[in-house]
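> here is the input, now give the coordinates:
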Amino acid sequence: MTLIQLFDLSFQGRRNKVALEYNGADYTFGDMDDRSNRMANLLLERGFVAGDRLCLQLVNCIELIDFYLACVKLGVIFVPINVLYRDREVTHILHDAQPRFFITPAELPEWMAAASGMSSARPVSDLHGDSPAGIIYTSGTTGASKGAVLTHNNFAANALNLLTCWQITAEERFLLALPLFHVHALGNGLHCWLISGCRMRLLERFEHQKALDEFLSFRPTMFFGVPAIYVRLLDMGEEAAKEIGQGIRLFVSGSAPLPAQIMEEFQARYGHTILERYGMSETLMNLSNPYIGERRPGSVGMPLPGVSIRLWNDAHEDVADGETGEVYLKGPNIFAGYWAREEATRAAFHDGWFKTGDLATRAPDGYYTLCGRRSDLIISGGFNIYPREIEEFLTELPGVEEAAVVARPDRVRGEVPVAFFAGSAEPADLEAACRKSLASFKLPRAFRRIEKLPRNAMEKVQKNQLPE
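Residues are numbered from 1 along each chain as shown. Model prediction:
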């Protein structure tokens, strides 16, 4: 089965139901089907065939959805590009993906005008579940970004898991403000919307100044966010937060670790425990806290249906509960490989298990907690130091808005932790607190205040951009 056959549950089965609110207008599922059929026919007229790539660099808009659905219907591979990327980064992706066309805001009016004159009949295509649907480029924090090839089956397995485990139905009112160039919004948001047949309001981006109006005018029952968004929502007045919380069913967080303190503060203000989950560009969603059951602060929950997980040491041996190991995964959600990079693809797997590069521990009752990236691990004088542990401690201290801990070279110990933080706290006070509560080898050797931590478009901290 392909994605379009799943989307037809809405395109055909709910054709006259309002599907999308965008920029003050309403569109039915039939409208979305017809619009994307016209775009698909335009792509055919301009020479696209199955397997060709189409690159786009657009902010959230209905036209981006038109292009995506047209690609899925034809077997054209959809390649979204981060809107914050500059010439060097974009050039790398274009060289790597070799698209037939590259769509930017400058080209958009001509394409949409041409599509409006095309037939709304759906073109015939010969696709199957293993046909590639998209290439999502990684953030490239440790080198040039690589394109993860995601198939119809990958996207379908992911969406069906979330629809079931998070109890998403056609009755939802879904507010989506995350960027569609990322798998959080594309792989989770767009697919859950189209398959469930719920009503979605699409925002160009999250703007905390307008958040109250968006929540109260749309009255969503479901919202997907990243930790930085939830931090900003904590600035909402108590009465407004209470009113928003009364109407919503589910808040989900992902794309970066959610500090336990933020989760607890949000629960106190909004009356909801945020559901945290764990995914990657290469795998979509892997683990999730339960919809019904304990949503454990600091934990990403348990494996989703069909997803197998191992925590291995360097010898590829299982580690005991409570010990740290690297996360390896198997399942229908795992990507088909890196585009045009056979060696990188081979290196990413061990005996069929995908090597995530993430470190985690497992509790005896099956809940997993991420400890950070393997590349972030600091080995100081023979001791393993996990930066996330120190970062979470620091963010619990007064005057610390956010913190990041990185390794810096040391002649005696090899490397030592150094803490960067934003906020009004005094470095001497932070050092004293760490000396009191952390083992001596975990003590950051310096505390450096900066205005804010460098982040990418999905609010992940970019530690490689911190000052030396």
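> Ala348 contacts Lys355, correct?
Yes. At 5.7 Å, Ala348 counts as touching Lys355 under the criterion of C-beta atoms under 8 Å. (Glycine included, C-beta is placed from N, CA and C.)
> same drill for these two, tell me which one is more crowded.
A direct count of neighbours by other C-beta atoms under 10 Å for Ala348 and Lys355 places Ala348 higher, at 20 against 17.
> spit out the contact partners of the residue nearest to Thr104 when sequence neighbours are not counted.
Leaving aside its sequence neighbours, Thr104 sits nearest to Gln57 (C-beta to C-beta, 6 or more residues apart in numbering; 5.3 Å). Counting by C-beta atoms under 8 Å, 6 or more residues apart in numbering, Gln57 touches 80-83, 85, 90, 102-104, 181.
> same question, Asn41
115, 118-119, 121, 123.
> give the buried residues for stretch 429-448.
Residues 430-431, 433-434, 438, 442-444, 447 are the ones in stretch 429-448 that count as buried (16 or more other C-beta atoms under 10 Å).
> and these, which is the shakiest by pLDDT?
Within the buried residues of stretch 429-448, the minimum per-residue pLDDT falls on Leu438 (87).
> surely that residue and Phe393 touch.
Yes. When contacts are counted by C-beta under 8 Å, Leu438 is listed as touching Phe393 (6.7 Å).
> burial of Pro220, as a residue count?
When neighbours are defined as other C-beta under 10 Å, Pro220 has 23 of them.
> would you say it is within a helix?
No. Counting by DSSP: H, G, I helix; E, B strand; the rest coil, Pro220 is not found in a helix; it is coil.
> ok, it - contacts?
Counting by C-beta under 8 Å, 6+ apart, Pro220 has contacts 172-175, 201, 247-248.
> how close does it get to Leu190?
As for Pro220, its distance to Leu190 is 16 Å (criterion: C-beta to C-beta, to the nearest Å).
> picking up where we left off before, buried among the contacts of Gln57? Make that a PyMOL selection.
Selecting only the buried entries of the contacts of Gln57 in PyMOL, with 16+ other C-beta under 10 Å as the criterion:
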select buried, resi 80+81+82+83+85+90+102+103+181
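> look up the closest residue to Arg46, ignoring the ones flanking it.
Closest residue to Arg46 apart from its sequence neighbours, by C-beta to C-beta, 6+ apart: Phe101 at 7.3 Å.
> got a list of what that neighbour touches?
Phe101 neighbours (C-beta under 8 Å, 6+ apart): 46, 54-55, 107.
> who does it bridge with?
Beta-bridge partners for Phe101, by DSSP bridges, are Leu54.
> how close does it get to Asp130?
Distance from Phe101 to Asp130, by C-beta to C-beta: 25 Å.
> run a quick neighbour tally on Thr169.
The tally of other residues near Thr169 (other C-beta under 10 Å) stands at 13.
> hmm, Trp193 and it touching each other?
No. Using C-beta under 8 Å, Thr169 makes no contact with Trp193, being 11.6 Å away.
> of the contacts of Gln57, the lowest pLDDT goes to which?
Least confident by pLDDT among the contacts of Gln57: that is Tyr85, with 84.
> how about that one, secondary structure?
On the three-state scheme (three-state DSSP), Tyr85 is labelled coil.
> residues in contact with it?
Contacts for Tyr85 (C-beta under 8 Å, 6+ apart) come out as 57, 93.
> point to the residue nearest the middle of the chain.
Geometric centre of the chain, nearest residue: His184, 3.4 Å, by C-alpha atoms, centre = their mean.
> contacts only, for that one.
Shown in contact with His184 (C-beta under 8 Å, 6+ apart): 178, 224, 226, 254-255, 279, 458.
> 10 Å instead, please
Contacts for His184 (C-beta atoms under 10 Å, 6 or more residues apart in numbering) come out as 176, 178, 224-226, 252-255, 277, 279, 281, 284-285, 458.
> what of Ala228?
When contacts are counted by C-beta under 10 Å, 6+ apart, Ala228 touches 206, 208, 253, 255-256, 262, 402, 453, 455, 458-461.
> wait, Ala407 touches Ala419, no?
No. With contact defined as C-beta atoms under 10 Å, Ala407 and Ala419 do not form a contacting pair (11.4 Å).
> what is in contact with these two at once?
Pro387.
> for stretch 38-54, list the C-alpha coordinates in PDB.
Backbone C-alpha positions of stretch 38-54 (Å, rounded to 0.1, in the frame of the first residue of the first chain) are rendered in PDB as follows:
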ATOM      1  CA  ARG A  38      -3.200  19.700 -11.000                       C
ATOM      2  CA  MET A  39       0.400  20.100  -9.700                       C
ATOM      3  CA  ALA A  40       1.200  16.500 -10.500                       C
ATOM      4  CA  ASN A  41       0.000  16.900 -14.100                       C
ATOM      5  CA  LEU A  42       2.200  20.000 -14.400                       C
ATOM      6  CA  LEU A  43       5.200  18.100 -13.100                       C
ATOM      7  CA  LEU A  44       4.500  15.400 -15.800                       C
ATOM      8  CA  GLU A  45       4.200  18.100 -18.500                       C
ATOM      9  CA  ARG A  46       7.600  19.500 -17.400                       C
ATOM     10  CA  GLY A  47       9.300  16.100 -17.800                       C
ATOM     11  CA  PHE A  48       9.300  14.600 -14.300                       C
ATOM     12  CA  VAL A  49       9.300  10.800 -14.000                       C
ATOM     13  CA  ALA A  50       9.300   8.500 -11.000                       C
ATOM     14  CA  GLY A  51      12.600   8.700  -9.200                       C
ATOM     15  CA  ASP A  52      13.400  12.300 -10.200                       C
ATOM     16  CA  ARG A  53      14.000  14.700  -7.300                       C
ATOM     17  CA  LEU A  54      12.200  18.000  -6.700                       C
END
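> pretty sure Glu172 contacts Gly197?
Yes. Assessed by C-beta under 10 Å, Glu172 is found in contact with Gly197 at 9.1 Å.
> can I assume Thr345 sits in a helix?
Yes. Applying three-state DSSP, one finds Thr345 inside a helix.
> and the closest residue to it other than its chain neighbours, how many neighbours?
In space, and not counting its chain neighbours, Thr345 is closest to Gly337: 3.8 Å by C-beta to C-beta, 6+ apart. Neighbour count of Gly337, defined by other C-beta under 10 Å: 19.
> repeat that for Gln209.
7.
> check what pLDDT it gets.
We have a pLDDT of 92 for Gln209.
> same check, this time on Pro467
The model reports Pro467 with a pLDDT of 86.
> I am finished for the moment; much appreciated.
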